[in-house]
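Enquirer: after the sequence you'll find the predicted model.
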Protein chains: 2
Amino acid sequence: MTTTVRATRRDATANRAALLDAAREALRRDPAASLETIAAQAGLSRRALYGHFASREDLVAELVTSAAERIGAIVSTVDDPDPRRAIAMLGAAMWDEIEHIRALAQVAVRGPHRESVARALAPVRSRLRRSVDRGRAAGLVREDMPALRVAGLVEGAAIAVLDEATSSGLSAHEGRRLVMLATLGAAGLSWTEADAIVEGLR
Amino acid sequence: MTTTVRATRRDATANRAALLDAAREALRRDPAASLETIAAQAGLSRRALYGHFASREDLVAELVTSAAERIGAIVSTVDDPDPRRAIAMLGAAMWDEIEHIRALAQVAVRGPHRESVARALAPVRSRLRRSVDRGRAAGLVREDMPALRVAGLVEGAAIAVLDEATSSGLSAHEGRRLVMLATLGAAGLSWTEADAIVEGLR
DNA sequence: ACGATCGTGCACAGCATTGTGCAAGAACAG
DNA sequence: CTGTTCTTGCACAATGCTGTGCACGATCGT
């Protein structure tokens, strides 16, 4: 007897994607959102969710790993000989992934995902770290604190803008600009210098 | 028959304070920490907690209002004719309340306390807003975005440092300095300018 | 059109948490 | 010391969420 293998149904894959989208949105607002809430927002029943994900853990894990892949991809596209431009571009690239990053940040608050989220952001961190080092060597980035702390401030500034953006609706263009200005400010540039860098990237 | 009213027992008031401290710490790590966890960390049983607070809501509400009072108090002590110095001092004052503010920020993520937290931080916001306005009028603070957005960035920078500080242990002195530098950076000052301001406050 | 795949609605067990009642003992104020 | 206040431990109900089983109907691939 030959077992006939069919392709997955189109609506099924669409529903799976809808569930992931719904989870991203719901978990961004409330990291403890129930599966009922998520499924409803995706237009499905809670029971159907279990047809796609074995457990809540499974769902969240897939969100984290998919975000990790996207973030890893953006990092590889960003580079510039001028470390200041590199920092700004890194911020702008993060802006394009804001939905995913915000979801990550919310999920990270609670228990078992802290590590995987940290791993997901590791490539961004290391590249940022390199840009900061290069910037300091060239006298372009602040030297009044350890380099690692500068990188932390830059990262924090980016997250702060991403937060602001989600609460007070920012246009995509304004958001990009703001992230770049904020990260450069954290790196020690004056606002006029930061503006010049951002303008040069236009 | 005369009802004799006794003073509250010393250990009771101490335990009440211990519960609030424990709640602050526990909720900072996990906004959904159980009362069991909180009570245990305070060295009490969950049942005893209900002797001090009628409900979970009650406990959190008291945390929020007490933090609001402390924060209101610090705001009234901070002022300086130089808006840049005022911003830095505001940041430093927040550093002294870091434990309370961090707890607030965590609690604020979830549902019904968003408003009360916003009210608690309102005085800080308005004073910051004034300093930014004065700074812009004097050409000392960035003018490449609306004043309200500058204030948001400054606030975000402060929170970012407070976050960094709790994760990677910072000394009280380093923390104060870092908050001031980060807020001034968000306000548009270069790192050398920021250092000069902070040095002048020494 | 046929059959496999998918979604639905319900029922059910398990688990964690909140909030309350009560009896007995420990710690304290006066 | 005495009596009040506080804490403990247990039992209990109520609630909400997770995860699973099953029958039926809808939808899709071929």
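Expert: Alright, I've got the coordinates.

Enquirer: contacting residues around A:A18?
Expert: Remark: with contacts taken as Cβ atoms under 8 Å, 6 or more residues apart in numbering or on different chains, A:A18 is in contact with A:A42, A:G43, A:L44. No exception for glycine: its C-beta is placed from N, CA and C like everyone else's.

Enquirer: contacts only, for A:G51.
Expert: A:G51 is in contact with no residue at all, counting by Cβ under 8 Å, 6+ apart.

Enquirer: now for the nearest residue to A:T77 once chain neighbours are set aside, how many residues are close by?
Expert: Here the nearest residue to A:T77 in space, its sequence neighbours aside, is A:A93; by Cβ to Cβ, 6 or more residues apart in numbering or on different chains that works out to 7.0 Å. Residues lying near A:A93 (other Cβ atoms under 10 Å in any protein chain shown) number 18.

Enquirer: isn't A:A93 right up against A:V78?
Expert: Yes - here A:A93 lies in contact with A:V78, judged by Cβ atoms under 8 Å, at a distance of 5.1 Å.

Enquirer: which pLDDT value goes with A:T3?
Expert: The confidence metric pLDDT takes the value 53 at A:T3.

Enquirer: flag every buried residue along stretch A:90-109.
Expert: In terms of neighbour count (16 or more other Cβ atoms under 10 Å in any protein chain shown), stretch A:90-109 has its buried residues at A:90-95, A:97-109.

Enquirer: which of those fall within helices?
Expert: A:90-95, A:98-109 (DSSP state H).

Enquirer: measure A:R114 to B:A137 for me?
Expert: A:R114 sits 44 Å away from B:A137, going by Cβ to Cβ, to the nearest Å.

Enquirer: orientation of the lowest-mean-pLDDT helix or strand in chain A relative to helix B:98-109 in degrees?
Expert: The least trusted helix or strand in chain A, going by mean pLDDT, DSSP states H and E, turns out to be helix A:98-109, with a mean of 79. In this structure, helix A:98-109 runs at an angle of 120 degrees to helix B:98-109, with axes from the mean of the first three to the mean of the last three Cα atoms, to 10 degrees as the basis.

Enquirer: export the following helix or strand past helix A:98-109 to PDB, keeping only CA atoms.
Expert: Secondary structure here is assigned by DSSP states H and E; on that basis, the next helix or strand after helix A:98-109 toward the C-terminus is helix A:114-137. Written as PDB, here are the backbone C-alpha positions of helix A:114-137 (Å, rounded to 0.1, in the frame of the first residue of the first chain):
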ATOM      1  CA  ARG A 114      16.000  35.400  28.500                       C
ATOM      2  CA  GLU A 115      18.900  33.300  27.200                       C
ATOM      3  CA  SER A 116      17.600  32.600  23.700                       C
ATOM      4  CA  VAL A 117      16.700  36.300  23.300                       C
ATOM      5  CA  ALA A 118      20.200  37.300  24.300                       C
ATOM      6  CA  ARG A 119      21.600  34.800  21.700                       C
ATOM      7  CA  ALA A 120      19.300  36.300  19.100                       C
ATOM      8  CA  LEU A 121      20.700  39.800  19.700                       C
ATOM      9  CA  ALA A 122      24.300  38.700  20.100                       C
ATOM     10  CA  PRO A 123      25.300  39.500  16.400                       C
ATOM     11  CA  VAL A 124      23.900  43.000  16.700                       C
ATOM     12  CA  ARG A 125      25.800  43.500  19.900                       C
ATOM     13  CA  SER A 126      29.100  42.300  18.600                       C
ATOM     14  CA  ARG A 127      28.900  44.400  15.500                       C
ATOM     15  CA  LEU A 128      27.900  47.400  17.500                       C
ATOM     16  CA  ARG A 129      30.800  46.800  19.900                       C
ATOM     17  CA  ARG A 130      33.200  46.700  16.900                       C
ATOM     18  CA  SER A 131      31.800  50.000  15.600                       C
ATOM     19  CA  VAL A 132      32.200  51.600  19.000                       C
ATOM     20  CA  ASP A 133      35.800  50.400  19.300                       C
ATOM     21  CA  ARG A 134      36.600  51.800  15.900                       C
ATOM     22  CA  GLY A 135      34.900  55.000  16.600                       C
ATOM     23  CA  ARG A 136      36.900  55.500  19.800                       C
ATOM     24  CA  ALA A 137      40.200  54.700  18.000                       C
END
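
Enquirer: residues in contact with helix A:114-137: which ones?
Expert: Residues outside helix A:114-137 that contact it (Cβ under 8 Å, 6+ apart): A:61, A:64-65, A:67-68, A:71-72, A:75, A:78, A:83-84, A:86-87, A:90, A:94, A:104-105, A:107-108, A:141-143, A:147-148, A:150-151, A:154-155, A:187.

Enquirer: repeat the analysis, applying 7 Å as the threshold.
Expert: Helix A:114-137 is contacted by residues A:64, A:67-68, A:71-72, A:75, A:83-84, A:86-87, A:90, A:104, A:107-108, A:141, A:143, A:147, A:150-151, A:154-155, A:187 when judged by Cβ atoms under 7 Å, 6 or more residues apart in numbering or on different chains.
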